[in-house]
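Novice: this one's sequence-less:
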Ligand SMILES: Cc1cc2nc3c(=O)[nH]c(=O)nc-3n(C[C@H](O)[C@H](O)[C@H](O)COP(=O)(O)O)c2cc1C
């Protein structure tokens, strides 16, 4: 993650309703006192405020807010929590859903790509987005 970049983008797969162990290992290295967060008189304080984050996820199933599986998505709430812990509260999620349903793979992927294109086109310098 670039310390001076205002935006940060990453792609994550849904694994067993949450993040992959690889991403968790990365988080454990990045979320550190004095680096990305600190403790003050009022408690924990994130040090990365002001940056925008775009998280692109892919998942085999469908977990939108109005679907029966919505409560099984522990990935987006967890990532919002841990990103917020570092001060990153301006977070946009783009989900490529239904990647295990053959007939849904391409339309879902195309819909996610279109959302990514829209965000990138609104950004003066797409290179501001970094991947972990
Ligand atoms: C170990 C493992 C666990 C997974 N658990 C879930 C899950 O809980 N829910 C789900 O919708 N998809 C699950 N999947 C499917 C992946 O999310 C899906 O294959 C992946 O997002 C496709 O990513 P890609 O487009 O980068 O190839 C799992 C995949 C693996 C390998």
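Specialist: Good, I have the coordinates. Quick caveat: nothing in here was measured; it's all calculated off a predicted structure.
Novice: Same question for the longest helix seen in the chain: list its buried residues.
Specialist: Ranked by number of residues, the top helix in the chain under DSSP state H is helix 102-121. Buried positions in helix 102-121, judged by neighbour count with 16 or more other CB atoms under 10 Å: 104-105, 108, 112, 115-116, 119. Any C-beta I mention is one placed from the backbone N, CA and C, and that applies to glycine too.
Novice: go on, stretch 26-34?
Specialist: Quick answer for stretch 26-34 (16+ other CB under 10 Å): 26-27.
Novice: average model confidence for it?
Specialist: Mean pLDDT, stretch 26-34: 97.
Novice: Could you do stretch 123-132 as well?
Specialist: pLDDT averaged over stretch 123-132 gives 57.
Novice: now do stretch 104-114
Specialist: On average, stretch 104-114 scores 97.
Novice: how far does it sit from the chain's center?
Specialist: Distance of stretch 104-114 from the chain centroid (CA atoms, centre = their mean, to the nearest Å) equals 18 Å.
Novice: again with stretch 32-51
Specialist: 19 Å.
Novice: buried set for it?
Specialist: 36-37, 46, 48, 51.
Novice: List the contacts of the residue nearest the centre of the chain.
Specialist: Nearest to the mean C-alpha position of the chain, by CA atoms, centre = their mean, lies residue 55 at 2.8 Å. For residue 55, the contact set (CB atoms under 8 Å, 6 or more residues apart in numbering) comprises 9-12, 76, 79, 91-94.
Novice: what about the one helix or strand it maps to, average pLDDT?
Specialist: Residue 55 belongs to strand 52-58 when assigned by DSSP states H and E. Mean pLDDT, strand 52-58: 94.
Novice: which among the buried residues of stretch 32-51 gets closest to the ligand?
Specialist: Within the buried residues of stretch 32-51, the smallest distance to the ligand is 24.2 Å, found for residue 51 (CB to the nearest ligand atom).
Novice: ok, that closest one to residue 36 distance?
Specialist: 11 Å (CB to CB, to the nearest Å).
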